[in-house]
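Visitor: Based on what follows, work out the 3D shape:
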Amino acid sequence: MRNFTFYERFSRAYHDYPSLSKLLVLFTVSGGGLVAYAEANPTNGAYAIASSESESKKKKVVVLGTGWAGTSFLKNLKDPSYEVQVVSPRNYFAFTPLLPSVTCGTVEARSIIEPIRNIVHKKNVDVRFCEAECYKIDAENKKIYCRSTQDQNLNGIEEFVVNYDYLVIAIGARVNTFNTPGVEENCHFLKEVEDAQKIRRTVIDCFEKASLPTISDEERKRILHFAIVGGGPTGVEFAAALHDFVNEDLVKLYPGVKDLVKITLLEAGDHILNMFDKRITAFAEEKFKRDGINVKTGSMVVKLEGKEISTKEMKSGQISSMPYGMAVWSTGIGTRPVIMDFMKQIGQANRRVLATDEWLRVEGCDNVYALGDCATINQRKVMEDISAIFGKADKDNSGTLTFKEFQEVIDDICERYPQVELYLKKMQMSDITDLLKESTGDVAKESIELNIEEFKSALSRVDSQMKNLPATAQVAAQQGNYLANCFNRMEECEKYPEGPLRFRGTGRHRFRPFRYKHLGQFAPLGGEQTAAQLPGDWVSIGHSSQWLWYSVYARHSAPAFLNPPMSTNGALVVFLSTIQVPIPPTLASHRQNPVILSCSITSVAKVTRVQAYVAYIKGVTEESSLKVVVEFKRRQRKKKVETRNYYCENIKTMAGPCEVFINHRGSDTKKNIAGLLYDHLSRLGIKPFMDSRNMKPGDKLSDEIDAAIGNCKVAVALLSPNYCESRHCLRELALLMESNNRVLPIFWDVKPSELRVNNNGRQFSDEEISRFDRALEQVKNTIGLTFNSSKGDWSEFLEVASKEVKNLLGAITKGTCVSSLVVYTGGGGMESCPSKI
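Guide: Here you go, the predicted structure:
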């Protein structure tokens, strides 16, 4: 069939429909005339002038930085009455909490970044971006001086000046080296995406160099020694990620050097993760010991050379050296040069970061705001304004403050001074009137009447709760969001202020002061385990916390953080990049040519389920697709064989007698003390039995446990708050006591007197109650250990408990039956009296 050209078709239509064609030509000519008239019309020029004048009336907001604070501000700024200019040497936003994962290829760098121009062009606000570095701030003349970060051109480095009406400083901080010699020259840092990629390349280079035939074994050990300085969240997470990377991927590519790899974590403090709950700290230290990561606490790095690190023991002062192949420095934040210069200009030279008020305004400057790591809020003290507060509340100028007068300003005081609310919460007071009663005594609210001295006495201790906010992404993002909302409602709040009373002036503040809301923190510990500490003293450790970490970070990944409705692919990549997801059979049957995303050295070495899953979703044809699926299926078969062998080994282990039976309430202790004690005893060469560790699917619970109780030499009864609610726990304890086994009771967050059979639900028969009561009375009258998990030292307690179990086993072997147990209270106290075991 012949294809007609456009000209042939137009000619044919012109001859077949002459009137319609003439009408089309007429409309075309008329339209062109109207366009020409509009261009020549002077009113159009007037409109352009009016538009230009409107643009010139806009207030200019300059934002320095594209990190968490700056990007959050841009994302939430919606008022079109501002002209915004962003200046940053980095033309993208990076999801920094996942940088340790990028170092080992668990997550690709492109999955955690979003170009800043993608954010800018989607805004209704007039926003422009310049990839440049600000090297000077002139607050007096409202100017910033910038230089391009691109390569020098023929005219040298490009420099320019930007004027502003409002300046938002959000440039973050740099790594703090504490002026330690050799750090800048010999260490890697982990602040930027480029840092993570550089670390990744260096790790591979170390393995490649160690594989050369001309390298001696001693030199190989040095090259494959990875030193991490700093036991904070970044250092710990990187150590865990590096351990997984080495043991899951690199040992398969470099089998000849796998036994020479060593990872050392250096921390000057007494513990790693000291900003977390003690339970998380103890678990992390114990897990790293199991994984073979050398944790050296109380060791401060004093010098780095090309091949050696010198450390100083904090207790003894002894200085020692150790060889290393790669060092990563992660020990806090320092001040950038431009901020140091700016602080000198405004009289803040002796500070580490910029000081702002509660509204994020830089002290000593007009219309300058500072957010994130480069600033800290200088919270005003109550005692500085105590006289002004009293005068504002005492409306009748009587010199005394009644409850009614004080009630009218209570909300403003709590809002203006957040430390008041924190103090009340710490002291478990319902409201501020409870605080006032300390000065007036226990009297009715209506009878409260305070003079100025009594008022000062009542509020004298609230300032003790003032704390600086942590330098985290969470704080920076909330500050950016807060400041953007203030800018959005600037005119509205100018007319109708919504802030607290001005105690040292008249009227109200325009806005409510910034309040940080802590949402919790995570510490990935490797091996698909994560520690989570959430508000309300809620602590979770293990695989369940890992899934919580996945879901939170997928929700707040770079694409999701910036544009949730458009972030499906980005969140998918971040969320699924480390987990293992089974491939749905329906997808497997419908996708003929699967392929994974672009591979790096890590993804080549490790074909995970998620990569194959993404391959099926993508459905893109490439030559490597078949190889990927074949490799994936091979790994799945291998994993099934390994799992089957694992169960076979467990069956063999169970066939022989265990030495120590661990009786515990799973919901209370399985994921903390019971699991830790099991691992600790195993490392000492003792054979423990714990149902969740020694039994396989399909085993009969009672048969296996009864056999283990009958064969064990010693039992450990972990008595916890919910212990007596479990029939299984009480049955095991009764069987242990009736079998005359040696039982070491551990009273875990519970006193012996609190242990009693609770039969409110009528779940136990009378015979069972009598049997369980006898067992509980016996264990209460047996000397044991007691521990308060919120106050005691977990590591020390594990050592003591393991030692006593070992002593009991030794006593049984020698034929003695009296324990040499030293009572360890761990801050919890003992209620039972010493007796024979």
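Visitor: who touches the longest strand belonging to the chain?
Guide: Longest strand of the chain, by residue count under DSSP state E: strand 126-138. With contact meaning Cβ atoms under 8 Å, 6 or more residues apart in numbering, strand 126-138 is reached by 55, 58, 64, 74, 80, 82-91, 116-117, 120, 144-150, 158, 160, 162, 167, 169, 171, 337-338, 341-342, 345. Every residue, glycine included, has its C-beta placed from N, CA and C.
Visitor: Sort out which residues of that strand are buried, please.
Guide: Neighbour counts over strand 126-138 (16 or more other Cβ atoms under 10 Å) mark D126, V127, F129, C130, E131, A132, E133, C134, I137 as buried.
Visitor: go on, stretch 749-759?
Guide: Within stretch 749-759, the residues scored as buried using 16+ other Cβ under 10 Å are D749, V750, P752, L755, V757.
Visitor: Report the residue ranges of every domain in this protein.
Guide: Per automatic domain parsing, the structural domains of the chain span 6-49, 58-173+335-379+466-517, 183-334, 397-465, 657-814.
Visitor: Need the ones you listed in a markdown table (columns: mean pLDDT).
Guide: Below are the domains of the chain laid out as a markdown table (pLDDT from 0 to 100):
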| stretch | mean pLDDT |
| --- | --- |
| domain 6-49 | 52 |
| domain 58-173+335-379+466-517 | 92 |
| domain 183-334 | 95 |
| domain 397-465 | 79 |
| domain 657-814 | 83 |
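Visitor: closest one to Y553 among those?
Guide: Y553 lies closest, by Cβ to Cβ, to one member of those: domain 58-173+335-379+466-517, at 6.6 Å.
Visitor: quick one: terminal-to-terminal distance for that closest one?
Guide: Domain 58-173+335-379+466-517 has an end-to-end distance of 33 Å (criterion: Cα to Cα, to the nearest Å).
Visitor: centre of the chain versus that domain, how much separation?
Guide: 22 Å (Cα atoms, centre = their mean, to the nearest Å).
Visitor: so P745, which of the three states?
Guide: strand (DSSP: H, G, I helix; E, B strand; the rest coil).
Visitor: ok, what's across the strand from it?
Guide: Assessed by DSSP bridges, P745 has beta-bridge partners A717.
Visitor: burial count for it?
Guide: As a burial measure, P745 scores 26 neighbours (other Cβ atoms under 10 Å).
Visitor: try K687
Guide: 16.
Visitor: so it sits right up against C658, yeah?
Guide: Yes - counting by Cβ atoms under 8 Å, K687 does reach C658; the two are 5.0 Å apart.
Visitor: ok so, going back, and the buried residues of strand 126-138 as TSV, adding distance to P255?
Guide: Shown next, in TSV, are these (distance: Cβ to Cβ, whole Å):
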residue	distance to P255
D126	59
V127	53
F129	48
C130	50
E131	45
A132	48
E133	46
C134	50
I137	55
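Visitor: Show me which of those residues is closest to N294.
Guide: For those, the nearest to N294 is E133 (39.3 Å; Cβ to Cβ).
Visitor: OK, contacts around the closest residue to that closest one other than its chain neighbours?
Guide: What sits nearest to E133 in space, not counting adjacent residues and going by Cβ to Cβ, 6 or more residues apart in numbering, is P89, at 4.5 Å. By Cβ under 8 Å, 6+ apart, the contact set of P89 is E131, A132, E133, T149.
Visitor: just those now: which is nearest L548?
Guide: Nearest to L548 among the contacts of P89: E131, at 36.8 Å, using Cβ to Cβ.
Visitor: For that closest one, give its distance to L776.
Guide: E131 sits 71 Å away from L776, going by Cβ to Cβ, to the nearest Å.
Visitor: just A239 next, same as before
Guide: Separation of A239 from L776 (Cβ to Cβ): 44 Å.
Visitor: higher neighbour count, the two?
Guide: A239 (30 against 23).
Visitor: So which residues of the stretch 101-250 of the chain form strands?
Guide: 113-115, 126-138, 143-148, 159-163, 166-169, 174-175, 225-229 (DSSP state E, counting those that start in this stretch).
Visitor: Mind listing what's buried along the fourth one?
Guide: Pointing back at strand 159-163 there. V162.
Visitor: Quickly run through the sheet partners of it, with directions.
Guide: Sheet pairing of strand 159-163 (DSSP bridges) gives strand 143-148 (antiparallel).
Visitor: swap in the second one?
Guide: Using DSSP bridges, the strands paired with strand 126-138 are strand 82-88 (parallel), strand 143-148 (antiparallel).
Visitor: For G710, which non-adjacent residue is spatially closest?
Guide: Spatially, and ignoring its direct neighbours in sequence, G710 is nearest to S739 (6.8 Å; Cβ to Cβ, 6+ apart).
Visitor: That neighbour against A708, yeah?
Guide: No - using Cβ under 8 Å, S739 is not in contact with A708, being 11.3 Å away.
Visitor: which residue sits closest to E494, ignoring its sequence neighbours?
Guide: Counting by Cβ to Cβ, 6+ apart, E494 lies nearest to R510, which is 6.3 Å off, once chain neighbours are set aside.
Visitor: typo on my end, it should be T297
Guide: Distances taken as Cβ to Cβ, 6+ apart place E267 nearest to T297, at 4.9 Å, with adjacent residues excluded.
Visitor: With I346 instead?
Guide: Nearest residue to I346, sequence neighbours excluded (Cβ to Cβ, 6+ apart): G364, at 4.1 Å.
Visitor: give me the element the one you found is part of.
Guide: In the assignment (DSSP states H and E), G364 maps to no helix and no strand.
Visitor: what's the burial count for it?
Guide: Per other Cβ under 10 Å, the neighbour tally for G364 reads 14.
Visitor: For it, give me its contacts.
Guide: I346, G347, Q348.
Visitor: So how do I select the buried members of those in ChimeraX?
Guide: Selection of buried members from those for ChimeraX, criterion 16+ other Cβ under 10 Å:
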select :346,348
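Visitor: Filter the contacts of G364 down to the ones in helices?
Guide: Per DSSP state H, helices hold no members of the contacts of G364.
Visitor: Just the helices from the stretch 101-250 of the chain, written as ranges.
Guide: 116-120, 183-186, 193-210, 217-223, 233-245 (DSSP state H, counting those that start in this stretch).
Visitor: If you could redo that for the stretch 251-400 of the chain, that was the one I meant.
Guide: Taking DSSP H, counting those that start in this stretch to define them, one finds helices in the stretch 251-400 of the chain at 251-253, 278-291, 337-345, 386-393.
Visitor: Deepest in the core, which of these is it.
Guide: Of the helices of the stretch 251-400 of the chain, the one with the most neighbours on average (mean count of other Cβ atoms under 10 Å) is helix 278-291, at a mean of 21.
Visitor: Counting neighbours around each, name which of S739 and A708 comes out higher.
Guide: The neighbour comparison of S739 against A708 (other Cβ under 10 Å) goes to A708, with 23 against 13.
Visitor: Let me know the helix or strand that the more buried one is in.
Guide: Element membership of A708 [criterion: DSSP H and E] is helix 701-711.
Visitor: coming back round to it: the residue nearest to T297: how many residues sit nearby?
Guide: Residues lying near E267 (other Cβ under 10 Å) number 26.
Visitor: Pretty sure I228 is one of the things it touches, is it not?
Guide: No - using Cβ under 8 Å, E267 makes no contact with I228, being 9.3 Å away.
Visitor: Residues that sit against both of these two, list them.
Guide: With Cβ under 8 Å, 6+ apart as the test, E267 and I228 both reach G235.
Visitor: Give me the number of neighbouring residues for E796.
Guide: 13.
Visitor: And it, how far from P97?
Guide: E796 is 32 Å from P97, by Cβ to Cβ.
Visitor: I'd like to know which of the helices of the stretch 251-400 of the chain is closest to V328.
Guide: helix 278-291 (15.5 Å).
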